[in-house]
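J.: I'd like to go over a predicted model; first the sequence, then the structure.
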Amino acid sequence: MFVTRESALSAHSTQSADMTAVVRELRDHAEILDALYRFGLGQDLKDEELFASAFAAEAELDFRPAAARWGGRPPLMSGREVIVSTILAMFTGRVDTTHQITNPRISVDGDTARLTALVEAQHLLTADHATFALLKNPYDVELVRDGERWVIRRMRIHNAWYTGDPTAFFGRAEAV
């Protein structure tokens, strides 16, 4: 599930002609990681525009592997509009969230890329912060180039562990 290359970049030469390739790859890595940051911060701020900017129009979000850990059965979400409206409707005014993203690993292949990362997602009921769920989720993300930025085409979220009560936020048989 994780990107396990032995180095962060594929372009290693220090010759000036190759430095252009190194700079391009560094920019790609920064923009790829930024797509995941837009995903997390967009949710945390309940910022529809920022959250939507993380996704390609035909994106898929698969939370089923994570939800299965506590008996949840959400549907596969398809399409940027469905993802954005579903997630924000579920959390806005009801759930406070924070997302911390660590251990990103990236592999670029032309105009497509793969990103794996660990995301710690804290969910607190707005009306009662004593009701919470803290999730540590490995993310497996496929991205596509969209001009100078990158957007998520497919995101699959697994769960390594959780504490608290995820069913208070996600239910057992409800959508993410």
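T.: Sure, I can see it.
J.: just give me the longest strand of this structure.
T.: strand 128-146 (DSSP state E).
J.: buried residues, it. List them.
T.: Within strand 128-146, the residues scored as buried using 16 or more other Cβ atoms under 10 Å are 132-133, 135-146. Every C-beta, even on glycine, is put in place using the N, C-alpha and C of the backbone.
J.: so after that strand, what's the next helix or strand?
T.: The element immediately downstream of strand 128-146 (helix or strand, assigned by DSSP states H and E) is strand 149-157.
J.: quick check, central residue of this structure?
T.: Nearest to the mean C-alpha position of the chain, counting by Cα atoms, centre = their mean, stands residue 36 at 4.7 Å.
J.: hang on, that residue is in a strand, isn't it?
T.: No - assessed with DSSP: H, G, I helix; E, B strand; the rest coil, residue 36 is helix; it does not lie in a strand.
J.: any idea of the mean pLDDT for stretch 28-36?
T.: Per-region confidence: stretch 28-36 scores 97 on mean pLDDT.
J.: list the buried ones in that stretch?
T.: Buried residues in stretch 28-36 (16+ other Cβ under 10 Å): 28-29, 31-33, 35-36.
J.: and the contacts of that stretch?
T.: Outside stretch 28-36, the residues that touch it by Cβ atoms under 8 Å, 6 or more residues apart in numbering are 8-9, 54, 101, 104, 106, 108, 113, 115, 117, 119, 139, 141, 143, 145, 148-152.
J.: cutoff 6 Å now
T.: 54, 101, 104, 106, 108, 113, 115, 143, 149-152 (Cβ atoms under 6 Å, 6 or more residues apart in numbering).
J.: between those, which is nearest residue 159?
T.: Nearest to residue 159 among the contacts of stretch 28-36: residue 101, at 15.5 Å, using Cβ to Cβ.
J.: hey, C-alpha coordinates of the strand or helix carrying that closest one in PDB?
T.: Assigned by DSSP H and E, residue 101 belongs to strand 95-109. Coordinates of each C-alpha in strand 95-109 appear next as PDB, following Å, rounded to 0.1, in the frame of the first residue of the first chain:
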ATOM      1  CA  VAL A  95     -18.400  18.100  13.900                       C
ATOM      2  CA  ASP A  96     -15.100  19.900  14.600                       C
ATOM      3  CA  THR A  97     -12.200  18.300  12.800                       C
ATOM      4  CA  THR A  98      -8.400  18.500  12.600                       C
ATOM      5  CA  HIS A  99      -6.200  16.600  10.100                       C
ATOM      6  CA  GLN A 100      -2.500  16.100  10.600                       C
ATOM      7  CA  ILE A 101      -0.600  14.600   7.600                       C
ATOM      8  CA  THR A 102       2.700  12.800   8.000                       C
ATOM      9  CA  ASN A 103       5.000  10.400   6.300                       C
ATOM     10  CA  PRO A 104       4.200  11.400   2.700                       C
ATOM     11  CA  ARG A 105       5.800   9.300   0.000                       C
ATOM     12  CA  ILE A 106       5.300  10.200  -3.700                       C
ATOM     13  CA  SER A 107       5.900   8.600  -7.000                       C
ATOM     14  CA  VAL A 108       5.500  10.600 -10.200                       C
ATOM     15  CA  ASP A 109       5.000   9.000 -13.600                       C
END
